[in-house]
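A.B. asks: When you get a sec, could you give me coordinates for this:
(one chain, ligands or ions: 1)
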Amino acid sequence: MGSSFSCCGDEKVEEGPNNEMGGGNSWRIFTYKELYAATNGFSENNKLGEGGFGSVYWGKTSDGLQIAVKKLKSMNSKAEMEFAVEVEVLGRVRHKNLLGLRGYCAGNEQRLIVYDYMPNLSLLSHLHGHLSKEVQLDWKKRMKVAIGSAEGLLYLHHEVTPHIIHRDIKASNVLLDSNFEPLVADFGFAKLIPEGVSHMTTRVKGTLGYLAPEYAMWGKVSESCDVYSFGILLLELITGRKPIEKLPNGIKRTITEWVEAMIAKEKFKDLVDPKLKGNFDEFQLKQSIRVAALCVQSEPDKRPTMKEVVSILKGKEMNFVKVNQNLRIQSVKYGDDLMAMDQDDESNDESSDQGNESSVYGVFGAMEMQKMQDPYKRFGEK
Ligand SMILES: Nc1ncnc2c1ncn2[C@@H]1O[C@H](COP(=O)(O)OP(=O)(O)OP(=O)(O)O)[C@@H](O)[C@H]1O
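C.D. replies: Numbering: from 1, shown residues only. This is a model prediction of the structure:
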């Protein structure tokens, strides 16, 4: 590995366009040699986690900056596309709640993306992973994470041109800085939406449990798919439960099914993660359940926009909320074929971020997904 430092040459050849907006947010091209040295040769000890794209390593540059380096695991057209999309999208976005680009390295043999290191890791590790026992995420922090993530999405949907749909909103893609400010990450699946286009039909990418039904089944993608995923994330933050749980009898249950049943019994307070030991704000609980209920409706047109979501989470009442005053959650059934593909299983992974969430990369909806020999293959892999 160490022999081929073909990547990007040894000189700093290019800088991001936004340097004038503050040195802290600029990006540049890194050399492979630099990243190799920063990560101690991509040592296993430096590994922060692994996703579909490849592994992520902690590192420190020669000028003392702590970074996270995402290293493509194999060079194929699919992975190349994801790399290109992520770098392209990251180059366009700038918001306190979006994990921006610190740099990249693209040579003949390597593709690497460099981000700022987020010392409090992912939301997933706090809710279900190795940090969950420490219960650092009290109610106030959870609300901060909810509002911040929603603001990041609001920016993508309404403020950047062309608009961007993230398509993979989930707990492992929300990273936390030293103040527990959330930063939405992982733009490899993002879609740029040309002006005037309300929705597009596309291959399904994302993670089962968070996928909007119209997207999972028919590949119909619009901003409201992110709104649906955000609703699931919000329920996860409130309840501390996973989007899909495997019950002792082997049956899989979605978080919306569980919440729906609890609300039917009017057990609102019992919805809150027991780890919080009853320490939560009742008004905020009601508001956030209401937002989540609106977001996870199966009809995309009935879901709120992220602007509306942010307003309600910040305590402002909106007229349209009247349609869902009684806090009813509509649970969506994905269908047995899709649920069978969930690989959540028993892995309540305490040791790392990997593997305790079901990343399913379906193609063209459930029927096609069922036909795939290996459902966990990523798109585009032959
Ligand atoms: N900037 C960062 N700072 C700290 N940890 C990070 C950073 N970026 C990624 N990680 C860690 O590395 C793990 C792997 O990230 P990655 O985005 O590759 O995959 P994922 O989101 O877990 O899975 P998927 O590929 O299915 O989206 C994350 O869960 C996170 O804990």
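A.B. asks: how about low-confidence regions in the stretch 251-382 of the chain?
C.D. replies: 317-382 (pLDDT under 70).
A.B. asks: That one: helices as residue ranges?
C.D. replies: Using DSSP state H, counting those that start in this stretch, the helices found in the stretch 251-382 of the chain span residues 255-264, 282-295, 306-313, 336-339, 365-371.
A.B. asks: mind putting these in CSV, distance to W27 included?
C.D. replies: (C-beta placed from N, C-alpha, C; glycine too.) Conversion of those to CSV gives the following (distance: least, C-beta to C-beta, whole Å):
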stretch, distance to W27
helix 255-264, 36
helix 282-295, 32
helix 306-313, 25
helix 336-339, 38
helix 365-371, 36
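A.B. asks: For the ligand, give me its nearest residue in the stretch 51-200 of the chain.
C.D. replies: In the stretch 51-200 of the chain, the residue that lies nearest the ligand is G51 (2.0 Å; C-beta to the nearest ligand atom).
A.B. asks: my read: that residue touches S172, true?
C.D. replies: Yes: with contact defined as C-beta atoms under 8 Å, G51 and S172 form a contacting pair (7.4 Å).
A.B. asks: Identify the contacts common to these two.
C.D. replies: Common contact partners of G51 and S172 (C-beta atoms under 8 Å, 6 or more residues apart in numbering): D186.
A.B. asks: Looking at the two, which has the bigger crowd around it?
C.D. replies: More crowded of G51 and S172, by other C-beta atoms under 10 Å: S172, with 24 against 18.
A.B. asks: Which pLDDT does the model give that one?
C.D. replies: In this model, S172 is scored at 93, pLDDT.
A.B. asks: Hmm, it is touching L48, no?
C.D. replies: No: if you go by C-beta under 8 Å, S172 and L48 don't touch, sitting 11.1 Å apart.
A.B. asks: follow-up on the earlier one: distance to the ligand added to the helices of the stretch 251-382 of the chain, as CSV?
C.D. replies: Shown next, in CSV, are the helices of the stretch 251-382 of the chain (distance: least, C-beta to the nearest ligand atom, whole Å):
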stretch, distance to the ligand
helix 255-264, 18
helix 282-295, 20
helix 306-313, 20
helix 336-339, 17
helix 365-371, 16
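A.B. asks: How many residues are close by Q136?
C.D. replies: Q136 - counted by other C-beta under 10 Å - has 12 other residues nearby.
A.B. asks: what's it in contact with, if anything?
C.D. replies: Q136 neighbours (C-beta under 8 Å, 6+ apart): N120, H126, F180.
A.B. asks: 7 Å instead, please
C.D. replies: Residues counted as contacts of Q136 (C-beta atoms under 7 Å, 6 or more residues apart in numbering) are H126.
A.B. asks: is it true that it lies in a strand?
C.D. replies: No: counting by DSSP: H, G, I helix; E, B strand; the rest coil, Q136 is not part of a strand but coil.
A.B. asks: And it, how far from E151?
C.D. replies: 21 Å (C-beta to C-beta, to the nearest Å).
A.B. asks: so what does whatever helix or strand Y104 lives in touch, helix or strand wise?
C.D. replies: Using DSSP states H and E, the element containing Y104 is strand 103-106. Using 3 or more C-beta pairs under 7 Å, 6 or more residues apart in numbering; DSSP states H and E, the elements in contact with strand 103-106 are strand 28-29, strand 111-116.
A.B. asks: how does it look with 8 Å?
C.D. replies: Contact here means 3 or more C-beta pairs under 8 Å, 6 or more residues apart in numbering; DSSP states H and E; on that basis strand 103-106 packs against strand 28-29, helix 77-92, strand 111-116.
A.B. asks: what's in contact with that strand?
C.D. replies: With contact meaning C-beta under 8 Å, 6+ apart, strand 103-106 is reached by 7-8, 16, 27-32, 35, 83, 87, 111-114.
A.B. asks: Could you break this structure into its assigned domains?
C.D. replies: If you go by the TED database, the domain ranges for the chain are 28-116, 121-342.
A.B. asks: Do a quick rundown of the strands in this protein.
C.D. replies: Along the chain, the segments classed as strands by DSSP state E run 28-29, 47-50, 54-60, 66-72, 103-106, 111-116, 163-165, 174-176, 182-184, 191-193, 200-201, 220-221, 244-246, 252-254.
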